[in-house]
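Engineer: Structure for the following, please:
(2 chains)
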Amino acid sequence: MLEATLSALEQSARLRINGAKSLEELEAVRVDALGRKGTLAQAGKEMGKVPAEERGRIGKLLNAVKGNLEEAFATKKRLFDEAALKARLDSEWLDLTLPAAGVPRGHLHPISKIQAEIEDLFISMGFVVLDGPEVETEYHNFDALNIPAGHPARDMQDTFWVEGGHVLRTHTSPVQVRGMEELGPPLRMIAPGRVFRNESVDASHDHTFYQLEGMMIDRDVSVGNLTYFMKTLLGSIFGREVTVRLRPGFFPFVEPGFELDIQCLLCGGPGCAVCKQSGWVELLPCGLVNPNVLRMSGIDPEEWNGFAFGLGLTRLVMMRYGIDDIRQLQSGSLRLLNQF
Amino acid sequence: MKFSFNWIREFTDVPQSASARDLERLITMKTAECEGIEPVGGLLAAACIATVASVEEMPGGHHRKAVVETERYGLKTVVCGAPNCRAGMTTVYVPLGTKSIGGVESDGMLASGAELGINRDAAGIVELAAGETLDRCSPDGVIEIDNKSITHRPDLWGHYGMAREVAAILGSELRDPIGMDLLPAGNAAIDVSIADFSLCARYSALVFENVTVKPSPLWLQYRLEAIGLNPINNIVDFTNFIMAELGQPTHAFDRGLISGATIFVRPARTGESIRALNGEDYDLAETNLVIADASGPVAIAGVIGGEAAAISGRTTSIILESANFQAASVRKTSAQLKLRTDASMRFEKGQDPENTTRALARAVALLEELSPGIRLVGGVADGRKPAAEPPVIQLPLDWLARKLGRSLAVADVRQILERLQFGVSESSPGVLAVTVPSWRATKDIAVKDDLVEEVGRMIGYSSIDPQPPALLASPPKPDPKRLFHRELRALLTGIGFTEVYNYSFVSLEEIGRFGFTAAEHVAVLNPVASGQELLRTSLLPGIRRNVVENTRYFDSFRLFEIGREIHRQPAGLPDEPAHLVAVVHARDDGAPGLFELKHAAETILPGAAIRPVAARSFEHPARAAEVLWRGETVGRLFEFGPSMEIDGRTAVLDLDLRKVGRRMGGESKYTPPGKYPSSEFDLSVLAGLREHVGDLRAKVAGFAGSLAESVEYVRQYSGPPFSEGVKSVTFRLRVGSPERTLASEEVGAVRTAIIEGMKGLGYELRV
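Structural biologist: A predicted model of the protein is given here:
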């Protein structure tokens, strides 16, 4: 009797569970069937009427029906939960092509960028990075570099003079002198910095620009060592193997002095507008340090020698990014700077 | 300096197939920097001498029909407009094809000196003297050398010197144009008195008479014109010619206008002045060396001649000066008088004293051709300090090889130096004794390092392989300042700031706007343009300009600059502290910008505090504060005030990086996190509207005692129910202990302590 009731009860509850249209409806079925006062609980009360020998079997049946219905309920509930989750997530759809939140990144000045690159390269080769004042003594800017008063080379650089007989440094070379004075040999140093020339300004000349000076002092430093470092430097800056050549150039602080040319990166040699049809672009002056310069900074040229070079940092930046007007670089214009 | 290819070829053989361009490349690689090549005298390739057989006026009167007998092309009929075209004259014909002019078929043209490139005469066709040829007038290439690159080479300021270089490069023979035997022997017709041999190492002179002043022959005019010197007359031209050929400046005085028979080389006397050949008057000082006769200065030594004894059409006798003046003295005088001449430019480089009499010998040969009938009077006047022994440099070959980074055979080094006309002998095994020729000995070659260049450039630097140095590698000393600046750049660009670079110059107007005075700035003594008078003592004027200019294109932006201020000092070099200035510009009320910058400051300087202070004239009077870090004022945070005249609002952070001077963060010390839970409670303090939250927080924290883990600002509020002028500031306190969980009585005690403490200070609390 109870057995038949349980079977019917299970069947009808299953039908209602499967047919539930919502979580609420399902919950109502659960209360009806499995709740404390539900149909199954009601049926359980009938157990007392079951003959003793049947009780064990019917009891198991009751538990089985309960288990089955709970499982069916859970399965159905999971379906509803999954659908609900899916619906919620779907409602949270976002247009990720909308602009990013927060402040957009800023931009490093292109000179800072290239300068950092070159600094890192030289630091990796054991060079220190040194600094000197923008207002320099006449001694450090000229005399100690073998350019005494009255030397025609002073005419090669138009100089800003300030009070006290000082100058706005016309090159970063005085930092060589400071490096030799403070650190002594052996020495491997570079000195990036701002330099000044008292000349009229146009698209390719500014009264303020950046140079990067380099110097290595040791025993038996040769022209071959110089070309090695220059090739390494330029290869790294331009990101590929470069061909360089040295030709004579006159700078009082080096002997011999060179102009270093790089084979035109645009045409690779045959000649184009950038290299003025020569196949070569003049890039930097360099040379072996003049023994007078060593001597003036207290270094014995019989024991030590070295090379020095001066890289036009501003010029390099202009070449690298194709900037055709030098004045743009210190204009503070975001229309330029936002590009870096 | 311009060099004629043809002129150089007179002294040494250049392969027939070689062009001026080929020579330019060689010179560039071995000697000096070339700036370009300019072809001149192109028409001369096909030109030939022609005699005008007949001339016939054409209708209209502008043109004439001439029949000419040409040397290369037979009889030709040309139409010629030149007023000097006449039958019987000898001129130059150029075949240019046939064209019809005024109904006449004109076959080619008769050319003017200007058209041929021989001189600047375009008034008529060129006229040849009897027996004159076009032998040395052929198309030429002019090589322009960068003067800077031969600053150290006095010998390269003339064609012969450059030819000597070319001969050394090519290994070809060098032909000396000088015949010293042309110099007359015997007593000089004039005396030379040199006051100071250190200022004038040598003064040579020669007297000529029966001089005719007239145009120079065409070949000489052509040589001068090619290198940019205007032919004038034979006397002016030959001095220019000698200078361009030998690098030795000479000067011709009209002997008839010189008083006395002695040439004095002496410092000018106080009060002396001179009218120079350029028509200008110059007041002279004792630092100026002059050439003088009995009555006063007739030339400024090594710079320019005077009008008093100038050559003119009436000149019949000349004194030709060929002297050697001290480089520094000429340079100083030339700079002081602001007068640079071809002569002063050469003397400044340190000319060879041996060259003076060579130039005189060259003059003798030239003047015989340029002024037929000219006669020498007496021998050479030659005052000089005794010639120095030629310097000898010991050159160890192993040292040379180490310098170059390449080994060389003795024979090769020897050959290179000998071609450059150094004397070479082997003083001991592996060491060369190198004697420097006089024209390289004035200052160019003095030590063995100078010989490295001579050998290096001749073997070609491309023959030296790049080699890494054979050194122990050691890491360079770290540079915390530079790393710090780099970190700042990375941080600031990461949070939206863009880096600018501004000039170190500021104008009076700009500093005036900021209320700075000129006296506190380092002044530039020789600015070329306005706005460069002073050096900046602050990065603010520059960044303000950036803001003003960028507001034309952008509504809001963030900028920063890391640069140096320059402060004058009582003595010595100025002080140059590095500063960081960052700005946030926006159209709104500016407050968010200030807090953004405050955040930046706290990120850069963990633990930094902001202390409101009185504003400076250019700051917003109610929005100015100092930045304190580790007990020291290291900068300012403010908004630009209305006097800055900026469209919109600009918040500014200015940090003295030298005071900050070290990397962000620094070393950290670890303490284990507490194991016991802490408790939180909120407290609201009623305070005056303008009372600083920072101060209130400090007071609350002070009463909270050692159990307080943090005191955080939550919010502030003013308005009902609070009375006018009062705000409620809410703080959240977290209390706890690393040793145990606090009992609620202990937490309550902290709370009571704060409430009682604040009440003691007169504050009302909402709890």
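Engineer: hey, where'd the helices end up in chain A?
Structural biologist: A:2-19, A:23-34, A:39-45, A:52-91, A:110-124, A:138-141, A:174-183, A:223-238, A:291-296, A:313-321, A:334-337 (DSSP state H).
Engineer: which one of the ones you listed lies closest to chain B?
Structural biologist: helix A:223-238 (2.5 Å; C-beta to the nearest C-beta). Backbone N, C-alpha and C define where each C-beta goes, glycine included.
Engineer: List the buried residues in that closest one.
Structural biologist: Neighbour-count burial for helix A:223-238, counted by 16 or more other C-beta atoms under 10 Å in any protein chain shown, picks out A:223-234, A:236-237.
Engineer: quick one: it near chain B?
Structural biologist: Yes. Using C-beta under 8 Å from any C-beta of the partner chain, we find that helix A:223-238 touches chain B at A:223-225, A:227-228, A:230-231.
Engineer: Put together TSV for the residues you listed, with pLDDT on each row.
Structural biologist: Below are the residues of helix A:223-238 next to chain B laid out as TSV (pLDDT from 0 to 100):
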residue	pLDDT
A:Val223	94
A:Gly224	93
A:Asn225	93
A:Thr227	92
A:Tyr228	92
A:Met230	91
A:Lys231	90
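Engineer: any idea how far A:Leu283 lies from A:Leu316?
Structural biologist: Using C-beta to C-beta, to the nearest Å, we find A:Leu283 at a distance of 8 Å from A:Leu316.
Engineer: tally of neighbours for residue 101?
Structural biologist: Since you didn't name a chain, this refers to chain A. Using other C-beta atoms under 10 Å in any protein chain shown, A:Ala101 is surrounded by 5 other residues.
Engineer: my bad, chain B
Structural biologist: 15.
Engineer: From what I see, it and B:Arg64 are in contact.
Structural biologist: No. Counting by C-beta atoms under 8 Å, B:Ile101 stays clear of B:Arg64, with 10.6 Å between them.
Engineer: From the centroid of the chain, which residue is nearest?
Structural biologist: Because you didn't say which chain, this covers chain A. The residue lying closest to the centre of chain A (C-alpha atoms, centre = their mean) is A:Lys113, at 9.8 Å.
Engineer: other chain: chain B
Structural biologist: Closest-to-mean residue, chain B, C-alpha atoms, centre = their mean: B:Lys148 / 9.6 Å.
Engineer: where does that residue land in three-state SS?
Structural biologist: Per DSSP: H, G, I helix; E, B strand; the rest coil, the secondary structure class of B:Lys148 is helix.
Engineer: Low-confidence bits of the chain, can you list those?
Structural biologist: All of this is about chain A. Applying pLDDT under 70 to chain A flags the ranges A:1, A:152, A:155-157.
Engineer: that answer is for a different chain, and I need it for chain B
Structural biologist: For chain B, the ranges with pLDDT under 70 are B:471-473, B:662-667.
Engineer: Looking at the stretch 251-400 of chain B, which residue is nearest chain A?
Structural biologist: Closest approach between the stretch 251-400 of chain B and chain A, counting by C-beta to the nearest C-beta: B:Ala328, at 4.1 Å.
Engineer: Around that residue, how many other residues sit close by?
Structural biologist: 18.
Engineer: now A:Asn18
Structural biologist: Close neighbours of A:Asn18, defined as other C-beta under 10 Å, add up to 12.
Engineer: what about the residue nearest to B:Pro372 when sequence neighbours are not counted, distance to B:Ala252?
Structural biologist: Using C-beta to C-beta, 6 or more residues apart in numbering or on different chains and skipping the chain neighbours, the partner closest in space to B:Pro372 is B:Thr212 (7.4 Å). Separation of B:Thr212 from B:Ala252 (C-beta to C-beta): 13 Å.
Engineer: who has more neighbours, these two?
Structural biologist: More neighbours surround B:Ala252 than the other of B:Thr212 and B:Ala252, with 22 against 15 (other C-beta under 10 Å).
Engineer: quick one on the thing from earlier: could you name every residue contacting both of B:Ile101 and B:Arg64?
Structural biologist: Common neighbours of B:Ile101 and B:Arg64, counting by C-beta atoms under 8 Å, 6 or more residues apart in numbering or on different chains, are B:Val79.
Engineer: Need the three-state assignment for B:Ala571.
Structural biologist: Strictly by three-state DSSP, B:Ala571 counts as coil.
Engineer: List the contacts of it.
Structural biologist: B:Ala571 neighbours (C-beta under 8 Å, 6+ apart): none.
Engineer: got a list of what the residue nearest to the centre of chain A touches?
Structural biologist: A:Phe340.
Engineer: switch the cut-off to 10 Å
Structural biologist: Taking C-beta atoms under 10 Å, 6 or more residues apart in numbering or on different chains as the contact definition, A:Lys113 lies against A:107, A:317, A:320-321, A:340, B:489, B:499.
Engineer: Kindly report the same for B:Ser710.
Structural biologist: By C-beta under 10 Å, 6+ apart, the contact set of B:Ser710 is B:678, B:680, B:701, B:704, B:731-736.
Engineer: closest to B:Glu453 among these?
Structural biologist: Using C-beta to C-beta, B:Ala701 comes nearest to B:Glu453 of these, at 72.5 Å.
Engineer: To which secondary structure element is the closest one assigned?
Structural biologist: helix B:693-704 (DSSP states H and E).
Engineer: what's in contact with that helix?
Structural biologist: For helix B:693-704, the surrounding residues in contact (C-beta under 10 Å, 6+ apart) are B:609-612, B:625, B:683, B:685, B:687, B:692, B:708, B:710-713, B:716, B:727, B:729, B:731, B:733-735, B:750-758, B:760-761, B:763, B:765.
Engineer: how does it look with 6 Å?
Structural biologist: Under the criterion C-beta atoms under 6 Å, 6 or more residues apart in numbering or on different chains, residues B:685, B:687, B:711, B:713, B:729, B:731, B:750, B:753-754, B:757 lie in contact with helix B:693-704.
Engineer: Of the buried residues of helix A:223-238, which is the nearest to B:Phe722?
Structural biologist: A:Ile237 (64.9 Å).
Engineer: and the closest one, how far is that from B:Arg266?
Structural biologist: 57 Å.
Engineer: and the residue in chain B that chain A sits nearest to, what is it in contact with?
Structural biologist: Per C-beta to the nearest C-beta, B:Gly405 is where chain B lies closest to chain A, at 2.5 Å. Residues in contact with B:Gly405 (C-beta under 6 Å, 6+ apart) are A:222-224, B:464, B:467.
Engineer: now for those residues, which pair is the farthest apart?
Structural biologist: Spatially, the most separated pair among the contacts of B:Gly405 is A:Val223 and B:Gln467, at 9.6 Å (C-beta to C-beta).
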